[in-house]
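Engineer: Quick one, structure for this:
(chains A and B, ligands or ions: 2)
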Amino acid sequence: MLRVNNLHAEAEDTQILKGVDLEVNPGEIHAIMGPNGSGKSTLAQILAGHEAYTVTGGEATFEGRDLLDMAPEERARRGIFLAFQYPVEIPGVNTAYFLRTGLNEIRKDRGEDPMDAMDFLGLIREKLALVEMDESFLKRSVNEGFSGGEKKRHEILQLAVLEPRLAILDETDSGLDIDALKIVAKGVNSLHSPDKSTVVVTHYQRLLDYIVPDFVHVLMGGRIVKSGDKDLAHELEQRGYDWIARETATDSVADAVGV
Amino acid sequence: MSGGDAVSESKSTDRREWYLASFRGFERSLNGGTASSLHRIRRAAIDCFAETGFPGRRDESWRHTNIAPIVRTSFRDAPDSPPPGLSADQLAPFTYPGLVGTQLVFVDGHFAPSLSSQETALSPHHSGVVVGSMATALKEVPDLVEPHLGHHAPFAEEGFAALNTAFIRDGAFVYLPPGARLDAPVHLLYLSTARCSEDPGHGPGQEGEEAPVTYPRTLIVAEDGACGSVIESYAGLEPSALYLTNAVTEIVLGAETRFEHYKIQRESGGAYHIASLHVTEARGCDFTSHNISLSGRLIRNDITTVLDGEGVDSTLNGLFLASGEEHVDNHTSIEHASPDCVSHEFYKGVLSGHARGVFRGKIHVHQVAQRTDAYQTNQSLLLSDDAEITSKPQLEIYADDVKCSHGSTTGQLDEEAIFYLRTRGLSRDVALGVLTQAFAGEILDLIGCEPVHKRLAELVSAELGATLHSEAPQ
Ligand SMILES: Nc1ncnc2c1ncn2[C@@H]1O[C@H](COP(=O)(O)OP(=O)(O)O)[C@@H](O)[C@H]1O
Ligand SMILES: [Mg+2]
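Structural biologist: Ligands and ions are numbered 1, 2, ... in the order given. Now for the predicted structure:
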């Protein structure tokens, strides 16, 4: 589904990604972990099409098509969804209108009829229940004045409405208490299916108790330096990242001397 | 905005003669109706104009607005009778579906009974409410009109207001007796039928070009405890016609009145519109002005409200859209002349193309006006690199116990918000439209009258859609 190959990227003349490889197949859940500033959000934003980053090498394809050539909206319409680490507040844009406009743009692309306000209300009520959000949010401006947890739940609500093929969740767990974390995880799990994939970017192992990954990758210094199964997450929880840093340092020395 | 001050000064003197001659012609046409108290005011006004003429660029309050194209043009009175065949259908785009109140239509400055919702020029309701044409009101109810007409909006040193006052002929008069309630807003539609310039090579504002001028005059008097709202619409039938609307509105509010005033400005793309609104508010008044400006070549609004009694709550809201070569200048002035009053002001502008915007918000807190609470915000959105806004808050505070704040921001749309919307499937164009409309919508949402709100939302959406389309990279 998603193939990232030796991806290099920079922003404002600083190299951030230095050769990322990642392959995500239908039905898989991947977790990307790593210390702060290692490039996790950069990777997620590049996959969604953020123009602040310049890809300087490598490639990324989605279902066989060149992803890096596509406008952000085209990626969304083809089924890529990014839950933002920092959801953007949009004063004056009503949340219901926002959700319905996005959904209808995506439906239009799929050749489906736009959903009218009544049908949409039926759908949105069901999705609101899933993330345990109140209907009153629909009348408010997008993310404006939402608490941290409400913003994150709102991202999952959008995920539930748009039903993408590939969901990338960037630190959706940060700032959530345990109850909210369970709600978010329940939402993500119920939307997951054998033809869909999920990439969970997280800082902590905690979320992975509820969204159980098939693969765990460690992103450090702009590269995926280690991959494993869910046990790797537990190991990281206990031992931190330093040992990996040391391991990779040795590896690269070994690489350099050609062992 | 080329210079040549000396040249324009001398031209402006020439043009003064033109208006004085025009006034003498107007006097002759009054057929002896020059003995009235109104005519004494007209004469005082034309004397003021003869003295000071048009404001110049050195006049601080006109520094950012070049009126040379207006001074250059020979404006003639618009024709007396409306062009034959003007039908209610042609008015439809300028009305508000669902609005049930009285509608008075003025075509080129003259009351048009056949297009208005009332046949008679004046309709004294049972309740004592009077709504009608100024010309008729001056004849039938002079006792209600004369104490106020020309007594509130100053014309000394105000060239345009002086000309409007000198040429008062018709307009609208609304009177609410003590305690009266208007169930639905009164709509005053000032329509211009000026045609486009015949010769396409002869652009607007050429030396000596002739074009029609109207001097709409509105007087609204609400006695103690009255409650109501009036919508003033200004519009041009021909999309790019050249003409001048020089309008003055006086609103006199008694104690404890609740009043809402809407000014919806949709002049032709080639038109000049210079207007002043003067509001006097007595004790305990609750007043709101909505000033919405959608089109016109050069627009200037002077809005002054005098808080002339304790406990007044006064609100000035405004939205202006300017594209292409348009120039919009809003000057507001809030006179806190009494203690314990509150004023709120919220103005927004959306500028694109080479448009220029000016906002000056003066808050003058007099020495007696203790415990004043005044709050002003001005936000501008620039959709192109060539658009410009000049924003000047001006706080003059002479009392010591006051709360006064102001904020002014100018910027582009938030790129992060655009990206966020695009990741949800909206194209860049749609995202820009959504965000721009949200920006403007914040002012429109303050409009309580639903038919007006709905119609304006449509108009703003259409206007912004067209603007964004023309700004989009080809
Ligand atoms: N738009 C940007 N411009 C400049 N530097 C950036 C930008 N985005 C991220 N960075 C830098 O790239 C590095 C990685 O950031 P980020 O991807 O946010 O890390 P993570 O999500 O893993 O914490 C940081 O040093 C950050 O400051
Ligand atoms: Mg991050």
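Engineer: and stretch B:56-76, which residues are buried?
Structural biologist: For stretch B:56-76, burial by neighbour count (16 or more other CB atoms under 10 Å in any protein chain shown) applies to B:56-57, B:61-62, B:64-73, B:75. All C-beta spots, glycine's among them, are computed from the backbone N, C-alpha and C.
Engineer: Among those, show me the least confident.
Structural biologist: When it comes to pLDDT, residue B:57 is the least confident member of these, at 74.
Engineer: Quick one: residues contacting residue A:134.
Structural biologist: The neighbourhood of residue A:134, defined by CB atoms under 8 Å, 6 or more residues apart in numbering or on different chains, consists of residue A:128.
Engineer: So which of the buried residues of stretch B:56-76 are in strands?
Structural biologist: Secondary structure from DSSP state E places residue B:75 of the buried residues of stretch B:56-76 in strands.
Engineer: Between which two of the buried residues of stretch B:56-76 is the distance greatest?
Structural biologist: Farthest-apart pair in these is B:64 and B:75; separation 22.7 Å (CB to CB).
Engineer: The residue of the stretch 101-250 of chain A found nearest ligand 2: neighbour count?
Structural biologist: For the stretch 101-250 of chain A, the residue closest to ligand 2 is residue A:171, as judged by CB to the ion, at 5.6 Å. When neighbours are defined as other CB atoms under 10 Å in any protein chain shown, residue A:171 has 21 of them.
Engineer: where does the stretch 1-150 of chain B have low pLDDT?
Structural biologist: B:1-14, B:81-83, B:119-126 (pLDDT under 70).
Engineer: please redo it, this time with the cut-off set to 90
Structural biologist: By pLDDT under 90, the weakly predicted segments of the stretch 1-150 of chain B are B:1-16, B:18, B:29-37, B:56-60, B:72-74, B:76-90, B:100-101, B:113-114, B:117-128.
Engineer: Looking from ligand 1, tell me which residue of it is nearest.
Structural biologist: Nearest residue of the stretch 1-150 of chain B to ligand 1: residue B:64, at 37.3 Å (CB to the nearest ligand atom).
Engineer: Give me the nearest residue to that residue, chain neighbours excluded.
Structural biologist: Closest residue to residue B:64 apart from its sequence neighbours, by CB to CB, 6 or more residues apart in numbering or on different chains: residue B:358 at 4.5 Å.
Engineer: The one you found: what's it in contact with?
Structural biologist: Contacts for residue B:358 (CB under 8 Å, 6+ apart) come out as B:64-65, B:327-331, B:389-392.
Engineer: How about residues contacting stretch A:29-40?
Structural biologist: Outside stretch A:29-40, the residues within contact range by CB under 8 Å, 6+ apart are A:16-17, A:20, A:22, A:24, A:43, A:170-171, A:192, A:197-203, A:205, A:208, A:211-222, A:224, A:230, A:233, A:236, A:241.
Engineer: List only buried entries from those residues.
Structural biologist: Judged by neighbour count, with buriedness set by 16+ other CB under 10 Å, the buried members of these are A:16-17, A:20, A:22, A:24, A:43, A:170-171, A:192, A:197-203, A:205, A:208, A:211, A:213, A:215-222, A:224, A:230, A:233, A:236, A:241.
Engineer: Next step: those residues restricted to strands.
Structural biologist: Checked against DSSP E, the buried ones among the contacts of stretch A:29-40 include these in strands: A:16-17, A:20, A:22, A:24, A:170, A:197-202, A:215-220, A:224.
Engineer: and residue A:104, how far is that from residue A:98?
Structural biologist: Between residue A:104 and residue A:98 the distance is 11 Å, computed by CB to CB, to the nearest Å.
Engineer: Looking at these two, which is more packed in?
Structural biologist: The residue with more neighbours, out of residue A:104 and residue A:98, is residue A:98; 23 against 18, by other CB under 10 Å.
Engineer: tell me which element the more buried one falls in.
Structural biologist: helix A:95-109 (DSSP states H and E).
Engineer: before we move on, what about residue B:305?
Structural biologist: Counting by DSSP H and E, the element that carries residue B:305 is strand B:298-307.
Engineer: what's the average pLDDT for that strand?
Structural biologist: Across strand B:298-307, pLDDT averages out at 98.
Engineer: helix, strand or coil for the residue in chain B positioned nearest to ligand 1?
Structural biologist: Using CB to the nearest ligand atom, the single residue of chain B nearest to ligand 1 is residue B:416, 10.3 Å away. Here residue B:416 is recorded as helix under DSSP: H, G, I helix; E, B strand; the rest coil.
Engineer: what about the closest residue to residue A:103 other than its chain neighbours, neighbour count?
Structural biologist: Of all residues not flanking residue A:103 in the chain, residue A:161 sits nearest, at 5.5 Å (CB to CB, 6+ apart). Using other CB under 10 Å, the number of residues around residue A:161 comes to 21.
Engineer: Okay, residue A:161 and ligand 1: tell me how far apart.
Structural biologist: Going from residue A:161 to ligand 1 by CB to the nearest ligand atom, to the nearest Å gives 25 Å.
Engineer: Within the helices and strands, which one has that residue?
Structural biologist: In this assignment (DSSP H and E), residue A:161 forms part of helix A:148-162.
Engineer: Point out the residues in the stretch 201-350 of chain B that sit beside ligand 2.
Structural biologist: Residues of the stretch 201-350 of chain B lying close to ligand 2 by CB under 5 Å from the ion: none are found.
Engineer: Low-confidence bits of the stretch 201-350 of chain B, can you list those?
Structural biologist: By pLDDT under 90, the weakly predicted segments of the stretch 201-350 of chain B are B:201-210, B:239-240.
Engineer: in it, which spans are strands?
Structural biologist: Ranges of strands within the stretch 201-350 of chain B are B:210-214, B:217-222, B:227-236, B:244-253, B:258-266, B:272-281, B:286-295, B:298-307, B:313-322, B:327-336, B:342-351, based on DSSP state E, counting those that start in this stretch.
Engineer: With ligand 1 as the reference, measure out to the closest residue to the residue of chain B closest to ligand 1 other than its chain neighbours.
Structural biologist: The shortest distance from residue B:416 to any residue that is not its chain neighbour, by CB to CB, 6+ apart, is 5.0 Å, and that residue is residue A:88. Here residue A:88 is placed at a distance of 14 Å from ligand 1 (CB to the nearest ligand atom).
Engineer: Pull the number of nearby residues for the closest residue to chain B within chain A.
Structural biologist: Distance from chain B to each residue of chain A (CB to the nearest CB) is smallest for residue A:92, at 3.1 Å. Residue A:92 sits with 18 neighbouring residues when counted by other CB under 10 Å.
Engineer: Might one say that it is in contact with residue A:141?
Structural biologist: Yes: taking CB atoms under 8 Å as the contact criterion, residue A:92 and residue A:141 are neighbours in contact, 5.9 Å apart.
Engineer: ok, for residue A:46, nearest residue in space, not its chain neighbours?
Structural biologist: Of all residues not flanking residue A:46 in the chain, residue A:53 sits nearest, at 5.1 Å (CB to CB, 6+ apart).
Engineer: And the helices in the chain?
Structural biologist: No chain specified, so I'll use chain A. A:40-48, A:72-78, A:95-109, A:117-130, A:148-162, A:178-191, A:230-239, A:242-257 (DSSP state H).
Engineer: Correction: the question concerned chain B.
Structural biologist: For chain B, helices defined by DSSP H occupy the ranges B:5-29, B:37-52, B:68-72, B:88-91, B:134-140, B:142-145, B:159-166, B:415-422, B:428-444, B:450-471.
Engineer: Save the ones you listed as TSV, and put in distance to residue A:181 too.
Structural biologist: What follows is these, written out as TSV (distance: least, CB to CB, whole Å):
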stretch	distance to residue A:181
helix B:5-29	70
helix B:37-52	72
helix B:68-72	65
helix B:88-91	61
helix B:134-140	69
helix B:142-145	70
helix B:159-166	65
helix B:415-422	23
helix B:428-444	31
helix B:450-471	41
